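Student: Show me the folded form of this:
(one chain, ligands or ions: 1)
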Amino acid sequence: MSRKLLILLLVVLLATMALAACGGKKTAAPTEAAAATSAPAATEQTAAQPTEKPAMQEGEGTLATVKARGKIICGVNQAVPGFGFLQPDGSFAGFDIDFCKALSSAVFGSPDKVEYRPLNAKQRFTALQAGEIDVLIRNTTWTLTRDTELGANFAPTTFYDGQGIMVRKDSGIKTLEDLAGASICVSSGTTTELNLADQMASRGIEYTPVVFETADETTGAYLDGRCDAYTTDKSGLVARQSMFPTPEDHMIMDETLSKEPLGPVVRHGDDQWFDIVKWMVFATFQAEESGITSQNVDEMKNADDPNIRKLLGVEGDMGAKLGLDNDWAYNIIKQVGNYAEIYDRNLGPNTVFNLPRGMNSSWKDGGLLYSPPFR
Ligand SMILES: N[C@@H](CCC(=O)N[C@@H](CS)C(=O)NCC(=O)O)C(=O)O
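Tutor: The predicted model follows:
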């Protein structure tokens, strides 16, 4: 049997297995765990993914591919308002989307050279591995397994989150123990599914996971009363609650089940592109720390502070070291803003979410955001 035929057979077999294991029916098998322990996740994930021409050609770095194509293909969420959301007019908006834009500004000097590729949780790593996207910026948690077996390289965390649980206010459920015997709606291919299983097992609490592939299906089932609770990242809970017909009837429990550091992800094997994505994020942190905003960035070019001058490309050729123009970070700040501007635009006091910065503050304000030196 030829190698090609064998691979084809394997893909068909895995696709059948994947279809059998998901699709909105009750299952207790955490799909990502299965992926991580049984076979290289690439094969498991490929099964769920339509085959498309890879975005990246062999022998080329991602930067060269992206430049030749004239746009970045950014893997995103379409269902989480405030983070990654497909709006009625067909455009994408949110905190994660702004980091796709910032990358576009760094590479092209314009925030609009992006093709957004909506992906559900299960599809995302396959799409990244197969070269169908250049970067994944989609409420994705950094874990050891993803960093290794899933072939992912995580850029700095842009949003420190934790897993929460939502229940109906009138349910009287307040603690994890109150969820004994409950059914809990959760999305497949997520850390959420795995953490829930771990936490409940370690406390000896019996429950029924009801697993779906998309946020719409998961929250739909919860709202239809098919589950007593709904769990995901706390950011996701707040985001999805904003879409409920009567948000005030639901509450997020105090309990935080996990650490969910969310940030951009690239493929293993392209250090230059990884560096670009990392420093794109750091530029937004550093700009906030240095008091540089989209409004004052032009004046700031005249600053005496050598660090600011290097960041803004006035001296030091920092952009050239990344393979970019020296005004790459200037363009990010001018066109998309510093971290605080990005946060406030999407999640801040003037939005329905009004999420306190908390851990997502600059280290100077007691938070975790810290950029290495621009030198
Ligand atoms: N941060 C977690 C969860 C991310 C996640 O995909 N959450 C779901 C639940 S809200 C989601 O965003 N689904 C959107 C969709 O696929 O429609 C992870 O990386 O596994």
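
Student: How far does stretch 163-180 stretch from one end to the other?
Tutor: 18 Å (Cα to Cα, to the nearest Å).

Student: Run through the residues of this protein sitting next to the ligand.
Tutor: Residues of the chain that fall close to the ligand, judged by Cβ under 6 Å from any ligand atom: 77, 79-80, 120-121, 139-141, 187, 190-192, 214-216, 232-233, 236, 240, 260, 262. All C-beta atoms are positioned from the backbone trio N, CA, C, and that covers glycine.

Student: Repeat the analysis, applying 8 Å as the threshold.
Tutor: 32, 77-80, 83-84, 119-121, 124, 138-141, 143, 161, 163, 186-187, 189-193, 213-219, 232-233, 236-237, 239-240, 260, 262 (Cβ under 8 Å from any ligand atom).

Student: Which of those residues fall in strands?
Tutor: 79, 80, 84, 161, 163, 186, 187, 232, 233, 260, 262 (DSSP state E).

Student: now for those residues, which pair is the farthest apart?
Tutor: Spatial extent of those (Cβ to Cβ) is set by the pair 84 and 186 at 18.9 Å.

Student: who has more neighbours, those two?
Tutor: Shown here are residue 84 and residue 186; by other Cβ atoms under 10 Å, residue 84 has more neighbours (29 against 26).

Student: Was I right to think that one contacts residue 75?
Tutor: No: counting by Cβ atoms under 8 Å, no contact exists between residue 84 and residue 75, whose distance comes to 9.5 Å.

Student: Mutual contacts of those two, please.
Tutor: 137, 138 (Cβ atoms under 8 Å, 6 or more residues apart in numbering).

Student: quick one: low-confidence ranges for the stretch 51-200 of the chain?
Tutor: Scanning the stretch 51-200 of the chain for pLDDT under 70 picks out the ranges 51-59.

Student: 80 - rerun?
Tutor: 51-60 (pLDDT under 80).

Student: all helices of it, in order?
Tutor: 62-69, 95-108, 124-129, 144-148, 191-203 (DSSP state H, counting those that start in this stretch).

Student: starting at the chain centroid, how far to the longest one?
Tutor: What that stands for is helix 95-108. 13 Å (Cα atoms, centre = their mean, to the nearest Å).

Student: ditto for the first one
Tutor: Here the centre of helix 62-69 is set off from its chain's centre by 22 Å, with Cα atoms, centre = their mean.

Student: before we move on, what about the last one?
Tutor: Centre-to-centre, helix 191-203 and its host chain are 21 Å apart (Cα atoms, centre = their mean).

Student: cool, the shortest one as well?
Tutor: Its chain's C-alpha centre lies 15 Å from the corresponding centre of helix 144-148 when counted by Cα atoms, centre = their mean.

Student: List the buried residues in it.
Tutor: 145, 146 (16 or more other Cβ atoms under 10 Å).

Student: Which residue ranges make up the domains of the chain?
Tutor: Per automatic domain parsing, the structural domains of the chain span 163-258, 270-353.

Student: I'd like the ones you listed laid out as a markdown table, including distance to residue 88.
Tutor: Shown next, in a markdown table, are the domains of the chain (distance: least, Cβ to Cβ, whole Å):
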| stretch | distance to residue 88 |
| --- | --- |
| domain 163-258 | 13 |
| domain 270-353 | 16 |
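
Student: Perfect, that will be all.
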